[in-house]
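Trainee: this is a predicted model, with the sequence first.
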Amino acid sequence: MLHLYAMMVAASTAILIFAGGLVTSTESGLSVPDWPNTYGYFMFFFPLEKMVGGIRYEHTHRLIASAVGFLILVLAVWLWRSESRGWVRRLGYIALAAVITQGILGGITVLWYLPDPISIAHASLAQIVLCLTMTIALVTSPGWKRAYATNGPAPHAGARDDRMLQRVAAVTTGLIYLQILVGATMRHTGAGLAIPDFPLMFGQLMPPHWDPKISIHFAHRVGAVIVSLAILATTGHVFYRHRTRRELRRPSMLLLALLATQVTLGALTVLSHKEFIINSLHVVTGASVLVTSLVLTLRAHRSRFTGASGSRVRSYTGSQQQDPYGVPAGDHA
Amino acid sequence: MHPVLRLLACAALCTAAIGAACGGGASEESPAPKTAAPVTNPVDPATAGAITGTVTLQGTPPPNPTINMSSDPYCMKLGTATTPVFVVSNGGLENVFVYVKDGLGTMKFPVPATPVVLDQKGCSYGPRVFGIQVGQSLDIVNSDETLHNIHALPMANREFNRGQALQGMKYTTTFTAPEVMLPFKCDVHKWMNAWVGVLEHPFYAVSGKGGAFSLSGLPPGTYTIEAWHEKLGTQTQQVTIGAKESKPISFMFKV
């Protein structure tokens, strides 16, 4: 039940990122000049008939953000009350702190008229909130708890603890996050169409002239190539070495599909002159690529989370009992 | 630290580094308004002259873009409208801001007590282009039955963004530094734009019917006159006027 709820929270966070993408794509970030109120109204009492123009995007984003904040609060309390693993409980607290910080960043960026660093930090922290909720959903799943032991014949310990896969998957996830940071910088500095054509750049393989916006845009395109190669390396390794492990094969296939979608959306964003739905889908698909890679990375590291015999879970009454799942040594609260 | 927490901590650090770089520059206050020392208008009416003229447009301008007001039912029911980028009448170009850019030296001029009014009516700004003096009040009013935000995007003055949710609301502000031109926009209705020229003197005009303008009450001297259009940019020319002289000039923009 907790796992399903955490999945729902993660999905809600992805929807929130899409709504945030719509705000930026329609340049509606300042259509509601005040915060936390909306045109002087307590935000939940703002009349629906006044949700016109850019307000529809900005105010809806605020309402969804409030709902997601509440869902994460419930998730943190749920984990605090029922989760035996201390590090998982801490993930809940961090997610709660992150979403609160995210709300404050959103307010500041409105009150300070969208300064680029704050807006970029707001966009980047959103990805971390999604990663946190998805991680919680993953580590509370039945498959994680049984260490994916029922997926085919049990491989020997060495195959489960594939250091190469662990490294390449972790690097890939890090690169995707960096690419998202560059993308957020590109969006918030208005560099999305600094190079107006695709796949060429001003009709050439390299831009014939440079300025800061062209450089940021170019970095995002180069980043896309690097990330694509990293994803191909990770998934290729999985298909070559771990094709029987469904918990790795599935996210790898999804990752490839999402990568193809994301590259297509990136091209369409330029070719459509930043049509706002395509642009926003590009944002949320990027987030999906990140969390899928994160799931793959965490599953590749699953063996490092196992092995603490004699672990215990905390009951609702605070008493302790045997932990059937296994947690890292020394990670009990 | 646990591997998961370590991974997320790295990502959080990246974000924190970006946030730390902000420095809060946007919250900077503009210089305080200058003390309103009593000054006498240095212009002697007995010798004051004028610069009059027209702004013309050579070539056929592109059609003004049609506004899609479907995002607000109130605006939509007002009917189809176009963005008045090029307003041409009798061969003259309207909505060109013409002003004395240079030549007044250290002369100071009294600030008019009458406020300038910028009205949000029919889901557009009226006037679209106007002038104001530093320290003069600007009354921004909402005459529409829908809400607007008035968002000023200055370079030399303090940025502001105010919401006006109800018809009849008024916001009064002043500008503390000269700035030509200072744009306004409404983030609710993307098509709403206006520009104000903020000056330390009263010698400015906006071209009207037939592109006509007049800068009157000028002391004798040599001046740099600039004409600004929202799409066509600026043009300048030097003009010398003598006592009680009215000198005609003209600006021609090309499309």
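Mentor: That came through, no problem.
Trainee: and A:Leu294, its phi and psi?
Mentor: A:Leu294 adopts backbone torsions of phi -60, psi -40, taken as degrees, to the nearest 10.
Trainee: was I right about it contacting A:Thr172?
Mentor: No: in this structure A:Leu294 lies outside contact range of A:Thr172 using CB atoms under 8 Å: 9.6 Å. Quick note: C-beta positions are derived from backbone N, CA and C, even for glycine.
Trainee: run through the bridge partners of A:Gln204.
Mentor: Applying DSSP bridges to A:Gln204 yields these beta-bridge partners: A:Met201.
Trainee: distance of it from A:Val222?
Mentor: Separation of A:Gln204 from A:Val222 (CB to CB, to the nearest Å) stands at 15 Å.
Trainee: who's more crowded, these two?
Mentor: A count of neighbours by other CB atoms under 10 Å in any protein chain shown puts A:Val222 above the other of A:Gln204 and A:Val222, at 12 against 9.
Trainee: which SSE is A:Leu91 in?
Mentor: Taking DSSP states H and E as the definition, one finds A:Leu91 inside helix A:86-111.
Trainee: so when I look at B:Gln120, I'm seeing a strand, right?
Mentor: Yes: checked against DSSP: H, G, I helix; E, B strand; the rest coil, B:Gln120 lies within a strand.
Trainee: so who does it touch?
Mentor: B:140-144, B:148, B:150, B:164, B:186, B:192 (CB atoms under 8 Å, 6 or more residues apart in numbering or on different chains).
Trainee: give me every residue that touches the closest residue to A:Val32 other than its chain neighbours.
Mentor: Nearest non-adjacent residue to A:Val32, counting by CB to CB, 6 or more residues apart in numbering or on different chains: A:Glu58, 4.7 Å away. By CB under 8 Å, 6+ apart, A:Glu58 lies in contact with A:23, A:28-32.
Trainee: which of those fall in helices?
Mentor: By the criterion of DSSP state H, membership of those in helices covers A:Val23.
Trainee: can I get the contacts of A:Glu58 in TSV with pLDDT and neighbour count?
Mentor: Converted to TSV, the contacts of A:Glu58 look like this (pLDDT from 0 to 100; neighbours: other CB atoms under 10 Å in any protein chain shown):
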residue	pLDDT	neighbour count
A:Val23	97	24
A:Ser28	95	24
A:Gly29	94	22
A:Leu30	96	23
A:Ser31	96	30
A:Val32	96	29
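Trainee: which elements pack onto the helix or strand just after the helix holding A:Leu91?
Mentor: Where DSSP H and E defines the elements, the next helix or strand beyond helix A:86-111 is helix A:116-139. Using 3 or more CB pairs under 8 Å, 6 or more residues apart in numbering or on different chains; DSSP states H and E, the elements in contact with helix A:116-139 are helix A:2-25, helix A:55-82, helix A:86-111, helix A:163-188, helix A:276-300, helix B:3-20.
Trainee: tell me which parts of the stretch 51-200 of chain A are close to chain B?
Mentor: A:52-56, A:87, A:90-91, A:94, A:98, A:105, A:112-113, A:115, A:117-118, A:120-121, A:124-125, A:127-128, A:131-132, A:135, A:139, A:170, A:173-174, A:177-178, A:181 (CB under 8 Å from any CB of the partner chain).
Trainee: now the buried members of the residues you listed.
Mentor: A:52-56, A:87, A:90-91, A:94, A:98, A:105, A:112-113, A:115, A:117-118, A:120-121, A:124-125, A:127-128, A:131-132, A:135, A:139, A:170, A:173-174, A:177-178, A:181 (16 or more other CB atoms under 10 Å in any protein chain shown).
Trainee: low-confidence stretches in the stretch 1-150 of chain B?
Mentor: B:1-41 (pLDDT under 70).
Trainee: need the strands for it, in chain order.
Mentor: B:49-58, B:66-67, B:81-82, B:88-89, B:92-93, B:97-102, B:116-121, B:124-126, B:129-133, B:138-142, B:148-152 (DSSP state E, counting those that start in this stretch).
Trainee: out of the ones you listed, deepest packed?
Mentor: Of all the strands of the stretch 1-150 of chain B, strand B:148-152 carries the top mean neighbour count, a mean of 24, counting by mean count of other CB atoms under 10 Å in any protein chain shown.
Trainee: run the chain-centre distance for that one.
Mentor: Per CA atoms, centre = their mean, to the nearest Å, the displacement of strand B:148-152 from the mean C-alpha position of its chain is 13 Å.
Trainee: and the angle from that strand to helix A:55-82?
Mentor: Between the axes of strand B:148-152 and helix A:55-82, defined by axes from the mean of the first three to the mean of the last three CA atoms, to 10 degrees, the angle is 90 degrees.
Trainee: remind me what the helix or strand following strand B:148-152 packs against, helices and strands.
Mentor: Downstream of strand B:148-152, the next assigned helix or strand under DSSP H and E is strand B:160-164. For strand B:160-164, the packing partners by 3+ CB pairs under 8 Å, 6+ apart come out as strand B:138-142, strand B:148-152, strand B:170-173.
Trainee: how many residues are close by A:Thr101?
Mentor: 19.
Trainee: which residue packs closest to it, ignoring adjacent ones?
Mentor: A:Leu125 (6.4 Å).
Trainee: is the one you found in contact with A:Gly103, as I believe?
Mentor: No: checked against CB under 8 Å, the pair A:Leu125 and A:Gly103 is beyond contact range at 10.1 Å.
Trainee: perfect, I'm done here.
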